[in-house]
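Enquirer: Please work out how this folds:
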Amino acid sequence: MSTFSRVIELPEPRNDESRKIIHIDMDAFFSSVEERERPSLRGKPVIIAKHPRKTGGKGIVSTANYIARQYGVRSAMSAYEAYQRCPEGIFIEGNYAAYQKASAQIQSIMKRYTDMIEPMSIDEAYLDVTENKHACCATQIAQHIQRAIWRELQLSSSAGVSYNKFLAKIASDMKKPSGLTVVPPTKAMAFIHSLKVEKFPGVGPKTAAKMHDLHIYTGADLYAMEQLDLIYHFGKAGVTYYRRVRGIDHRPVCIHRERQSVGKEHTYPRALVAEGEVREALKKLCQEVHVALGRVRKKGKTVVLKVRYRSFETYTKRVSVAEGMDDKLLMFRYVCELWEEIGQLSEGVRLLGVTVTNLMCVEEEPLSLFSCLSHMRA
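Expert: Predicted structure coming up:
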């Protein structure tokens, strides 16, 4: 028995296997929309970013299609590194309006089957089909939606089906592209135990490294850990890991999202006219937005820069990425890239604003007893 388990015992959480949840995740969404609009791109490596030869080596990759990924190109990679890895890649700046339109069309298809839809971002959503409009099983509905999206929009998607959000999301990523993975309650534990810990939502490189130091490499290893030991090593996230590795996730599919964006802006009494001043101000704004995102446990796929000059002319510019963004340094890199596109120091900057939109939830649950137990980590 764990040392901490002898001090206090937490009640074992109960599971709910009665729901039918689908997670739909579009495959390389931005690049797929571009390939649909320009069929000549199909079969070629497509990278959503400005070509570094046009920007002096600057810029960041929003996403890349699966062919480009075979060269090692990934979201948030510098465009210059992407070019080095894949010099034959076709660089496209991207068309956010087209992506939004396609996203709305996809949601219209989903609504044929249920109104219980929670869009997590522009290219993914959860559906609760426990009760649905066609009295179909969840697997059939997922298949119908995938086929309709392909038939009507010529876009491919992957789907995961299970009894909660956690399992459905992991399942949707198992057989990309165009895959369908079903995890019924009877197979959930075997499925979870076979996963590498890196597959668990919320387990990034730093957390994975810490788990490895504790000899936790798979779901089976994580399952063997005591709940209070996980709290000791990982804080309140330890409770989430304890529940998830037991297939427990009670989060409902929420029809109404709480917030659409998180942003901060400052008006300056003296106009900023030096590059260093602007970049320092942008860094401070990114830090404030990062803190605000942490408070609401959100991350976003789109960052927006707002600039107002002494003349009161106001400009905005945005960039979207395939992965949710909650890293302040990455956010700052994107914001600086946007500044380089619309910034005019000679005009004198009176206001700067940074906003993250297209929000999605960070996989973490609150722990009511954490405040009582936090002294154990001292």
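
Enquirer: Next, count neighbours for E347.
Expert: Residues contacting E347 under the criterion other C-beta atoms under 10 Å number 16. The C-beta positions use only the backbone N, C-alpha and C, and glycine is treated the same way.

Enquirer: do the same with E12
Expert: By the criterion of other C-beta under 10 Å, E12 has 11 neighbours.

Enquirer: just V354 next, same as before
Expert: As a burial measure, V354 scores 28 neighbours (other C-beta under 10 Å).

Enquirer: where's N132, which helix or strand?
Expert: Under the assignment given by DSSP states H and E, N132 is not contained in any helix or strand.

Enquirer: pretty sure it is in contact with H144, am I right?
Expert: No - with contact defined as C-beta atoms under 8 Å, N132 and H144 do not form a contacting pair (10.4 Å).

Enquirer: what is in contact with the two at once?
Expert: Overlap between the neighbourhoods of N132 and H144 consists of Y113, taking contacts as C-beta atoms under 8 Å, 6 or more residues apart in numbering.

Enquirer: what about the helices in the stretch 1-150 of the chain?
Expert: In order along the chain, the stretch 1-150 of the chain carries the following helices (DSSP state H, counting those that start in this stretch): 29-37, 52-55, 66-69, 79-85, 96-110, 138-153.

Enquirer: Export those to TSV and append columns for mean neighbour count.
Expert: Output for the helices of the stretch 1-150 of the chain, formatted as TSV (neighbours: other C-beta atoms under 10 Å):
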stretch	mean neighbour count
helix 29-37	22
helix 52-55	14
helix 66-69	20
helix 79-85	20
helix 96-110	16
helix 138-153	18
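
Enquirer: okay, which residue is most central for this structure?
Expert: Of all residues in the chain, the one closest to the mean position by C-alpha atoms, centre = their mean is G324, 3.0 Å from it.

Enquirer: Surely it is in contact with T302?
Expert: No - contact status for G324 versus T302: not in contact, 10.2 Å apart, counting by C-beta under 8 Å.

Enquirer: Torsion angles phi and psi at E323?
Expert: The phi and psi torsions at E323 (degrees, to the nearest 10) take the values phi -100, psi 150.

Enquirer: Tell me the spacing between it and D123.
Expert: As defined by C-beta to C-beta, to the nearest Å, E323 lies at a distance of 11 Å from D123.

Enquirer: Then T55?
Expert: Between T55 and D123 the distance is 25 Å, computed by C-beta to C-beta.

Enquirer: so where do the helices sit in the stretch 251-378 of the chain?
Expert: Ranges of helices within the stretch 251-378 of the chain are 275-296, 328-342, 370-373, based on DSSP H, counting those that start in this stretch.

Enquirer: As TSV, the ones you listed with mean pLDDT and distance to G160 would be great.
Expert: As requested, the helices of the stretch 251-378 of the chain are arranged in TSV below (pLDDT from 0 to 100; distance: least, C-beta to C-beta, whole Å):
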stretch	mean pLDDT	distance to G160
helix 275-296	92	25
helix 328-342	89	27
helix 370-373	40	30
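
Enquirer: and among the ones you listed, the most buried is which?
Expert: Neighbour counts averaged per stretch over the helices of the stretch 251-378 of the chain are highest for helix 328-342, at a mean of 18; criterion: mean count of other C-beta atoms under 10 Å.

Enquirer: What would it look like as PDB? C-alpha coordinates only.
Expert: What follows is the C-alpha trace of helix 328-342 in PDB, where atoms were taken according to Å, rounded to 0.1, in the frame of the first residue of the first chain:
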ATOM      1  CA  LYS A 328       3.200  31.500 -24.600                       C
ATOM      2  CA  LEU A 329       6.500  31.300 -26.500                       C
ATOM      3  CA  LEU A 330       4.800  29.800 -29.500                       C
ATOM      4  CA  MET A 331       2.000  32.400 -29.300                       C
ATOM      5  CA  PHE A 332       4.600  35.100 -29.200                       C
ATOM      6  CA  ARG A 333       6.300  33.700 -32.400                       C
ATOM      7  CA  TYR A 334       3.000  33.800 -34.200                       C
ATOM      8  CA  VAL A 335       2.200  37.300 -33.000                       C
ATOM      9  CA  CYS A 336       5.600  38.600 -34.100                       C
ATOM     10  CA  GLU A 337       5.000  37.000 -37.500                       C
ATOM     11  CA  LEU A 338       1.700  38.900 -37.800                       C
ATOM     12  CA  TRP A 339       3.300  42.100 -36.600                       C
ATOM     13  CA  GLU A 340       5.800  41.800 -39.400                       C
ATOM     14  CA  GLU A 341       3.000  41.700 -41.900                       C
ATOM     15  CA  ILE A 342       0.900  44.700 -40.700                       C
END
